[in-house]
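fold the following for me, if possible:
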Amino acid sequence: MTPTPPTATTRPRFTSIRSRTTILVMELCVGNEYHPLEAVLVHRPGPEIDRLNFHNMRRFLFEDIPYLRRMQDEHDEFTQRMRDHGVQVLYLEELLRELLNQDTAARDALIQEICTTEQTPALSELLLSGRFNSRELLDILFAGMTSREYHHLTGQNLAAAPLGDFVLPPIPNAYFSRDPAVVVKNAAISCKMHYGERVRETILTRTLLEWHPWFENRQIIYGGSDSPEEDRPHTVEGGDVLVLNDEAVIIGVSERTRWQAIEKIAHNVFDIGHIRRMYEVTIPAERDYMHLDTVFTIIDRGVVCWYPPVMEQVREIQRFEPLEYQGRIIAQRVSEVRTLTQILCDEFGCPVTIIHTAGGDPHYAPREQRTDGTNVLAIAPRRVIMYDRNFKTQEELQRHGVETICINGSELVRGLGGPRCMSMPLRRAVAC
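Next up, the predicted model:
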């Protein structure tokens, strides 16, 4: 049983490791996908990447084995480009280290939840022993532990794990910080991952949101630790969630997000008055299009980038609207008669410019969709960060007046994700 996070009035005094000053509260606010980005949460790839090998990489959802040092260089370039444009970059691992270093209740709750989820009670005893400092503990929680390492630390062997197997597996996808949680207006959705290999990412991010004083004003509208019914198999991942405006959200039914989760999210956001319309868009449930944002992103009001072979075949769209029923607000499902383009025109309040991946080139479009040419991150209206390797998409964006800030992505892309996947916006310059 996970302890309930302390309230703001019962929190211990908390000091930032980096600044040695009392932390200010982070006010969440994401009212669309394109207003100037003010604060973002990321995870710099770490030792968990070096756990990948030829035999396990597909289990951990990788197509190839990245070179960690170069991968970190590319990620550092990505975060520096955001800083260059005034974005406050926060690191998941740094904030967690601050939290675990100063809040033993949060530390114990996190260990217990992870070890219960991973069904490793013996490891729980080791990690709760106080033997590890916060940095060492986080290295284990991200990179995992092999049975050989467990034997070295304890002198004991675990019956079910031959030497070399993982007592606790790594989470190499953690640098895709978009997926474990997403901010909608001034509240957060704690996501439920489709693959068990990624569930720990949700636990780490939710722990940060629920326990770190930086987020003491946060509200979790789906998937909080006090809502166990909002758990698997009703999965939802942040890459499928796009905020159209301050009244409407679009969520993809994909390989990794289920319609049941979308319906529950709609009910929750309507019940507290956050959003007035939610759209459910079905895309092929295939790994090539794992999330909606791999085939569709928003660059400005009335400007989108999408991959035509998927987005121009969308037929099934559902709309949820709030309905008062027996004294409370619920989500009413309505089959949408408008096309996606018509919906976007109505929600943006203007005609929509659609920029095709690689300009729709039949050879380059599938190549650049695969290397996340569509998965650009808007850090301001018509200003995006993207991989330099997707040069045909870059040319097409520039032709439509979009400023492209290009970064290297030869190693980062091996996990099948782009700049939008690697970022969890916390604040944009828009009223919430």
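
CA atoms for contacts and neighbours, from now on please.
Fine.

and residue 132, how many neighbours does it have?
For residue 132, the count of nearby residues is 13 (other Cα atoms under 10 Å).

scratch that, residue 302
Neighbours of residue 302 (other Cα under 10 Å): 18.

that one contacts residue 344, correct?
Yes: in terms of Cα atoms under 8 Å, residue 302 counts as a neighbour of residue 344; the distance is 7.4 Å.

could I get the full set of helices for the stretch 51-200 of the chain?
For the stretch 51-200 of the chain, the helices defined by DSSP state H, counting those that start in this stretch cover 68-84, 92-102, 104-118, 121-127, 134-143, 147-154, 199-211.

out of those helices, which comes closest to residue 176?
Of all the helices of the stretch 51-200 of the chain, helix 199-211 sits nearest to residue 176, with 9.4 Å by Cα to Cα.

after the closest one, next one along is what?
Heading C-terminal from helix 199-211, the first helix or strand you meet, by DSSP states H and E, is strand 220-222.

so where is the stretch 1-150 of the chain shaky, pLDDT-wise?
1-23 (pLDDT under 70).

go again using 80 as the cut-off
For the stretch 1-150 of the chain, the stretches flagged by pLDDT under 80 are 1-24.

what does the stretch 301-432 of the chain give?
In the stretch 301-432 of the chain (pLDDT under 80), the answer is 431-432.

what ranges does it have for its strands?
Ranges of strands in the stretch 301-432 of the chain, per DSSP state E, counting those that start in this stretch, are 303-306, 317-325, 328-335, 353-356, 377-380, 383-387, 403-407, 424-428.

what sits against residue 406?
With contact set as Cα atoms under 8 Å, 6 or more residues apart in numbering, residue 406 has these partners: 385-388.

just the helices of the stretch 51-200 of the chain: most buried one?
Each of the helices of the stretch 51-200 of the chain was scored by mean neighbour count; the highest is helix 199-211, a mean of 22, by mean count of other Cα atoms under 10 Å.

now do the residue located most distally from the centre of the chain against residue 136, distance only.
No residue in the chain sits farther from the centre than residue 155, which is 37.9 Å out by Cα atoms, centre = their mean. Look at residue 155 and residue 136: by Cα to Cα, to the nearest Å, they are 19 Å apart.

and what of residue 427?
30 Å.

and residue 302, by the same measure?
Note on residue 302: its distance to residue 136, by Cα to Cα, is 47 Å.

got any ranges where the stretch 151-300 of the chain has weak pLDDT?
Looking at the stretch 151-300 of the chain by pLDDT under 80, you get 158-164, 227-233.

what segments of it are strands?
166-168, 181-184, 187-190, 220-222, 241-243, 248-253, 277-282, 296-300.

closest to residue 271 out of the ones you listed?
Nearest of these (Cα to Cα): strand 220-222, 9.8 Å.

returning to that earlier point: tabulate the strands of the stretch 151-300 of the chain (CSV), appending mean neighbour count and distance to residue 311.
CSV is the format used below for the strands of the stretch 151-300 of the chain (neighbours: other Cα atoms under 10 Å; distance: least, Cα to Cα, whole Å):
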stretch, mean neighbour count, distance to residue 311
strand 166-168, 20, 39
strand 181-184, 28, 22
strand 187-190, 24, 25
strand 220-222, 23, 27
strand 241-243, 24, 15
strand 248-253, 24, 11
strand 277-282, 24, 10
strand 296-300, 25, 7
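
for residue 49, which of those is the nearest?
Among the strands of the stretch 151-300 of the chain, strand 166-168 comes nearest to residue 49, with 14.2 Å by Cα to Cα.

partner strands of the closest one, parallel or antiparallel?
strand 145-146 (antiparallel) (DSSP bridges).

how far off centre is the partner strand?
25 Å (Cα atoms, centre = their mean, to the nearest Å).

go on, stretch 420-427?
Centre to centre, stretch against its chain (Cα atoms, centre = their mean), the figure for stretch 420-427 is 7 Å.

list the contacts of it.
27-30, 37-43, 175-179, 181-183, 239, 293, 375-377.

repeat that for stretch 62-82.
Under Cα under 8 Å, 6+ apart, the answer for stretch 62-82 is 44-47, 49-50, 52-54, 57, 88-89, 379, 405, 407-412, 414-416, 419.

could I get the CA-only coordinates of that stretch as CSV?
Taking Å, rounded to 0.1, in the frame of the first residue of the first chain, the C-alpha atoms of stretch 62-82 are listed here in CSV:
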residue,chain,number,x,y,z
PHE,A,62,14.8,-0.6,-29.2
GLU,A,63,15.6,-1.3,-32.8
ASP,A,64,19.4,-0.9,-32.2
ILE,A,65,21.9,-0.3,-29.5
PRO,A,66,22.7,3.4,-29.0
TYR,A,67,26.2,4.7,-28.1
LEU,A,68,25.5,6.4,-24.7
ARG,A,69,28.2,9.1,-24.7
ARG,A,70,27.1,10.4,-28.2
MET,A,71,23.5,10.0,-27.1
GLN,A,72,24.2,12.2,-24.1
ASP,A,73,25.9,14.8,-26.3
GLU,A,74,22.9,14.9,-28.6
HIS,A,75,20.5,15.3,-25.6
ASP,A,76,22.7,18.1,-24.1
GLU,A,77,22.5,19.9,-27.5
PHE,A,78,18.7,19.5,-27.4
THR,A,79,18.3,20.9,-23.9
GLN,A,80,20.8,23.8,-24.7
ARG,A,81,18.8,24.8,-27.7
MET,A,82,15.7,25.1,-25.4
